[in-house]
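In: how would this look folded up:
(one chain, ligands or ions: 2)
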Amino acid sequence: MKPYVISNVGMTLDGKLSTVENDTRISGENDLKRVHQIRKDVDAIMVGIGTVLKDDPKLTIHKIPLENNKNPVRIVVDSKLRIPLASRVLNEDAKTVIATTAFDNLEESEKNKRTEKIKELESIENVEIVYSGEDKVDLELLMSKLSKMDIKSILLEGGGTLNWGMFEKNLVDEVRVYVAPKIFGGSNAPTYVDGEGFKTLEESVELELIDYYQMDEGIVLEYFVKKDNNQDNVDNNDN
Ligand SMILES: NC(=O)c1ccc[n+]([C@@H]2O[C@H](COP(=O)([O-])OP(=O)(O)OC[C@H]3O[C@@H](n4cnc5c(N)ncnc54)[C@H](O)[C@@H]3O)[C@@H](O)[C@H]2O)c1
Ligand SMILES: Nc1nc(=O)c(N)c(NC[C@H](O)[C@H](O)[C@H](O)COP(=O)(O)O)[nH]1
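Out: Ligands and ions are numbered 1, 2, ... in the order given. Predicted structure coming up:
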């Protein structure tokens, strides 16, 4: 079994997640409230280390009242443990899982640096480190470990590289995108799904429209990710 994954982004009409200079003012105020409602509905929020380094997000519920809810678990996919200790995502507002990789194949000095960083991270009360794969995080293994940690639903917020990793492994179940009436341009600007890319239509992700509606000055599009049959069988066999 794996957690149910909802991918949500704020995107410009030309598919960008920020400008080339990392201006990320895309969603309007009501859309941010929509995003925080999803945060309230899920067990965890997941981002890649690139997003933490660029945005320093809090990844807590603060645009709508938290009421008696707890903040969702924050998951940062960070294969080389680059996360700065001062990151807001490491504060005491919620539990934080750092998803990283084994590193016994590294040479001595690198190994020592990792061990040092792990000691510093583990000294932070609400931080847990989860190891999956080598070089880059094995996202399928991570999903299975998170499911065993009672994380049954995840809001995947991005960025484009992590979104690619998750789509490539067919780990996304739902897509919700706010499309702003803006054009950022820039072949180097981050897009919704970056990474290697599918080579053929057959390999690509197929979506089934659930709903669409206006929001602020933009429009929200919601889809299910179509799963091919044998993938469903695989999921069932995991039960
Ligand atoms: N507008 C939005 O909704 C939104 C949401 C999130 C991020 N962003 C923007 O996206 C940009 C960050 O995106 P990004 O692509 O640079 O970084 P990212 O946040 O996607 O993090 C990717 C990094 O995660 C690590 N990683 C480890 N294992 C991985 C795996 N198996 N697959 C993929 N990544 C793995 C790697 O270090 C990789 O470089 C920033 O500009 C941020 O503002 C925008
Ligand atoms: N849906 C959405 N619309 C945007 O316009 C935008 N810039 C983000 N960015 C996603 C990123 O993961 C964090 O949502 C923000 O960086 C702010 O996060 P916080 O409020 O600090 O938790 N997400």
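In: Could you point out the helix or strand that follows the longest helix belonging to the chain?
Out: Using DSSP state H, we find that the single longest helix of the chain is helix 108-122. For helix 108-122, the following helix or strand on the C-terminal side (DSSP states H and E) is strand 127-131.
In: What is the subsequent helix or strand relative to that following strand?
Out: Per DSSP H and E, the first helix or strand lying C-terminal to strand 127-131 is helix 139-148.
In: From the contact counts, what lies against the helix or strand in which residue 214 is found?
Out: If you go by DSSP H and E, residue 214 is part of strand 207-215. With contacts taken as 3 or more CB pairs under 8 Å, 6 or more residues apart in numbering; DSSP states H and E, strand 207-215 sits against helix 29-41, strand 174-180, strand 218-225. Glycine gets a C-beta too; all of them are placed from N, C-alpha and C.
In: could you give the angle of that strand to strand 174-180?
Out: 40 degrees (axes from the mean of the first three to the mean of the last three CA atoms, to 10 degrees).
In: Give the partner strands of strand 207-215 in its sheet and their orientations.
Out: strand 218-225 (antiparallel) (DSSP bridges).
In: Tell me the buried residues in the partner strand?
Out: Neighbour-count burial for strand 218-225, counted by 16 or more other CB atoms under 10 Å, picks out 218, 219, 220, 221, 222, 223, 225.
In: ditto for stretch 126-134
Out: 127, 130, 131, 132, 133.
In: quick one: the nearest residue to residue 144 once chain neighbours are set aside from residue 139, how far?
Out: In this structure, residue 144 finds its nearest non-sequential neighbour in residue 2, 6.3 Å apart by CB to CB, 6 or more residues apart in numbering. Distance, residue 2 to residue 139, by CB to CB, to the nearest Å: 10 Å.
In: any common contacting residues for those two?
Out: In terms of CB atoms under 8 Å, 6 or more residues apart in numbering, residue 2 and residue 139 are both contacted by the residues residue 171.
In: wait, is residue 157 part of a strand?
Out: Yes: according to DSSP: H, G, I helix; E, B strand; the rest coil, residue 157 belongs to a strand.
In: The residue of the chain found nearest ligand 2: neighbouring residues, count only.
Out: Distance from ligand 2 to each residue of the chain (CB to the nearest ligand atom) is smallest for residue 10, at 2.5 Å. Residue 10 has 27 neighbouring residues, counting by other CB atoms under 10 Å.
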